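[1] heads up, no residue letters with this:
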């Protein structure tokens, strides 16, 4: 790490050309800029480079190399593990890069790396178009897409990364590359699942699809006492779900903020409304719901329906794994563990993988998990630092209790920093060796290592 005087001198020189903002700890905007979505993360970069465009990113990378500063890259800032920031290094912050261009005729959109999904959806839905985005609309497009991209439309249109057409990428040797299936195809393969290991995505181009403007979506909530029956219903519906129907389920704190524990099924149907109404009828007519918001809605509203449950600044600690099947034993264990949960913001939820997302070959992209399965997530959240120990302990104990039911796969976007061993190996399975070879080719010094790191081979 460079000393303060060398950083100050370099910043003064760079300010003559840099279009964005360069923030040090003495700047009034520094504290707000360094904060991430996860309030558990409290790091202090030596410098924050808030970029306005690709040239700013290139100059920030050069600066980091000149000063021998470690680098973290911030897009939406939602990384639960806090990899978007760094102590004593350079945070390259894309949050000012908000440009979006939609080509409605070609059904494509290009968006800069600081765009979040609600901004992207707002522009594409003007034309009745969308692509698979996250289930929380305040998530950044870059991190979610490069790591996978589980979302409401994935059964019909695949993961977010399956809809990626090209990336404008700044590499570790400060080149700006246009990466696609035709240009640098090996790097394009690696970007679709390899996360931030290979460079900084200055902009991403997506394939769009006709969606909405109105579709069927939302949640139905039931008392926790009905959890076993509701989760079995979810399993039965998921087993027979058509591509158009995306299903999630979970154990949550009641959405009214009462602190009551509930179980819920969420659904989205991206086809004709009449077919969607028929597809979700078994959910709406089951048992005695305490709240039913499942019905006609816009895609933008659907994509934001969970936002309030993930408040910025809450303290987060997550664990996740893929389940090859949802057995009665797994259901019982989830419910039993959730009954011991002390935070009303914490939850255990399941995302069903099926349809188009599972019909792509394991080696076609770096993202390897293409079988029908359930991604279970223990999303522990709380507001008071005094509860850190008990909430983290509950998460770890719940994760350990579910180990008898898990498969071999793990979703890279949900991995935390305290995983034992080489967690990336579990995230990439048989694609890991090729990813390490490409890391050696494009980033042999592991310049981009504040991520779920793929180490260079050798």
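    Yep, that arrived. Everything numeric in this text was worked out from a predicted model, so none of it was measured.

[2] element containing the spatially most central residue of the chain?
    Nearest to the mean C-alpha position of the chain, by CA atoms, centre = their mean, lies residue 144 at 3.7 Å. Element membership for residue 144, per DSSP states H and E: helix 141-147.

[3] List the contacts of the helix or strand that that helix is followed by.
    Going down the chain from helix 141-147, the next helix or strand is helix 154-157, by DSSP H and E. If you take CB atoms under 8 Å, 6 or more residues apart in numbering as the criterion, helix 154-157 is touched by 131-132, 160, 163, 209, 241-246, 270-271, 353-357. Every residue, glycine included, has its C-beta placed from N, CA and C.

[4] Buried residues, the helix or strand following helix 154-157. List them.
    The helix or strand immediately downstream of helix 154-157 is strand 164-170, counting by DSSP H and E. Across strand 164-170, burial judged by 16 or more other CB atoms under 10 Å covers 164-170.

[5] With stretch 49-65 instead?
    For stretch 49-65, by 16+ other CB under 10 Å, it's 49-61, 63-65.

[6] how's the protein carved up into domains?
    Following automatic domain parsing, one finds the domains of the chain at 4-93, 100-211, 214-414.

[7] May I have the distance across the last one, first residue to last?
    Between the opening and closing residues of domain 214-414 we find a distance of 30 Å, counting by CA to CA, to the nearest Å.

[8] any idea of the mean pLDDT in it?
    The predicted model gives domain 214-414 an average pLDDT of 96.

[9] from the chain's centre, how far out does that domain sit?
    15 Å (CA atoms, centre = their mean, to the nearest Å).

[10] and residue 296, what element?
    Assigned by DSSP H and E, residue 296 belongs to strand 295-298.

[11] picking that back up, make TSV out of the domains of the chain and add distance to residue 456.
    Shown next, in TSV, are these (distance: least, CB to CB, whole Å):
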stretch	distance to residue 456
domain 4-93	16
domain 100-211	10
domain 214-414	15
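
[12] ranking those domains by burial, who's on top?
    Neighbour counts (mean count of other CB atoms under 10 Å) averaged over each of the domains of the chain peak at domain 100-211, with a mean of 22.

[13] Which elements pack onto the strand holding residue 296?
    Applying 3 or more CB pairs under 8 Å, 6 or more residues apart in numbering; DSSP states H and E, one finds that strand 295-298 contacts strand 214-223.

[14] Go ahead and list the helix or strand containing residue 337.
    helix 328-338.

[15] Identify all contacting residues around that helix.
    224, 227-228, 231-232, 235, 251, 261, 263, 323, 347-348, 376, 394, 397-398, 401-402, 404-405.

[16] Residue 135: what secondary structure?
    What DSSP: H, G, I helix; E, B strand; the rest coil gives for residue 135 is coil.

[17] For it, give me the pLDDT.
    Predicted confidence (pLDDT) for residue 135: 91.

[18] thinking it is in contact with residue 302, fair?
    No - in this structure, residue 135 is not within contact of residue 302 by CB atoms under 8 Å, at 9.1 Å.

[19] and for those two, which residues touch both?
    In contact with both residue 135 and residue 302: residue 152, using CB under 8 Å, 6+ apart.

[20] What segments of the stretch 301-450 of the chain are helices?
    Using DSSP state H, counting those that start in this stretch, the helices of the stretch 301-450 of the chain run over 328-338, 388-401, 423-428, 432-442.

[21] between the ones you listed, which one is nearest to residue 150?
    Across the helices of the stretch 301-450 of the chain, residue 150 has its closest neighbour in helix 423-428 (13.6 Å, CB to CB).

[22] Okay, helices next: where are they in the stretch 51-200 of the chain?
    Assigned helices in the stretch 51-200 of the chain, in chain order: 54-67, 117-125, 141-147, 154-157, 185-191 (criterion: DSSP H, counting those that start in this stretch).

[23] Next, work out how far apart residue 277 and residue 243 are.
    To residue 243, residue 277 is 17 Å away according to CB to CB, to the nearest Å.

[24] same thing with residue 386?
    According to CB to CB, residue 386 stands 46 Å off from residue 243.

[25] And residue 272, by the same measure?
    13 Å.

[26] on that earlier part again, contacts for the strand holding residue 296, please.
    With contacts defined as CB under 8 Å, 6+ apart, strand 295-298 is touched by 125, 212-218, 273, 305.

[27] Any chance of those in JSON lines with distance to residue 369 as columns?
    Shown next, in JSON lines, are those (distance: CB to CB, whole Å):
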{"residue": "125", "distance to residue 369": "29"}
{"residue": "212", "distance to residue 369": "28"}
{"residue": "213", "distance to residue 369": "32"}
{"residue": "214", "distance to residue 369": "32"}
{"residue": "215", "distance to residue 369": "26"}
{"residue": "216", "distance to residue 369": "27"}
{"residue": "217", "distance to residue 369": "25"}
{"residue": "218", "distance to residue 369": "27"}
{"residue": "273", "distance to residue 369": "32"}
{"residue": "305", "distance to residue 369": "25"}
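
[28] residue contacts, residue 17?
    So residue 17 contacts residue 59 (CB under 8 Å, 6+ apart).

[29] Dihedrals phi and psi, it?
    Backbone torsions for residue 17, taken as degrees, to the nearest 10, come to phi -120, psi -20.

[30] Mind pulling the model confidence for the closest residue to residue 79 other than its chain neighbours?
    Leaving out its chain neighbours, the residue that sits closest to residue 79 by CB to CB, 6 or more residues apart in numbering is residue 143, at 6.1 Å. Residue 143 is assigned a pLDDT of 96 by the prediction.

[31] Check the one 5 residues further on too.
    In the predicted model, residue 148 carries a pLDDT score of 95.

[32] Same question for residue 1.
    pLDDT for residue 1: 51.

[33] what does residue 5 give?
    pLDDT, residue 5: 69.

[34] Repeat that for the one 3 residues further on.
    Residue 8 is assigned 78 on the pLDDT scale.

[35] try the one 4 residues further on
    The score at residue 12 is 83. That number is its pLDDT.

[36] Distance of it relative to residue 53?
    Residue 12 is 21 Å from residue 53, where distance means CB to CB.

[37] Could you do residue 155 as well?
    Taking CB to CB, one finds residue 155 at 36 Å from residue 53.

[38] Then residue 157?
    Using CB to CB, one obtains 30 Å as the distance from residue 157 to residue 53.

[39] Likewise for residue 175?
    Relative to residue 53, residue 175 is positioned 15 Å away (CB to CB).

[40] Residue 234 now?
    As judged by CB to CB, residue 234 and residue 53 stand 45 Å apart.

[41] For residue 86, give its distance to residue 35.
    Distance from residue 86 to residue 35, by CB to CB: 14 Å.

[42] right, and residue 376 touches residue 321 too?
    Yes - assessed by CB under 8 Å, residue 376 is found in contact with residue 321 at 6.2 Å.

[43] what's the overlap in contacts for these two?
    Shared contacts of residue 376 and residue 321, counting by CB under 8 Å, 6+ apart, come down to 402, 406.

[44] Now the terminal residues of stretch 267-275, how far apart.
    By CA to CA, the extent of stretch 267-275 from end to end equals 13 Å.
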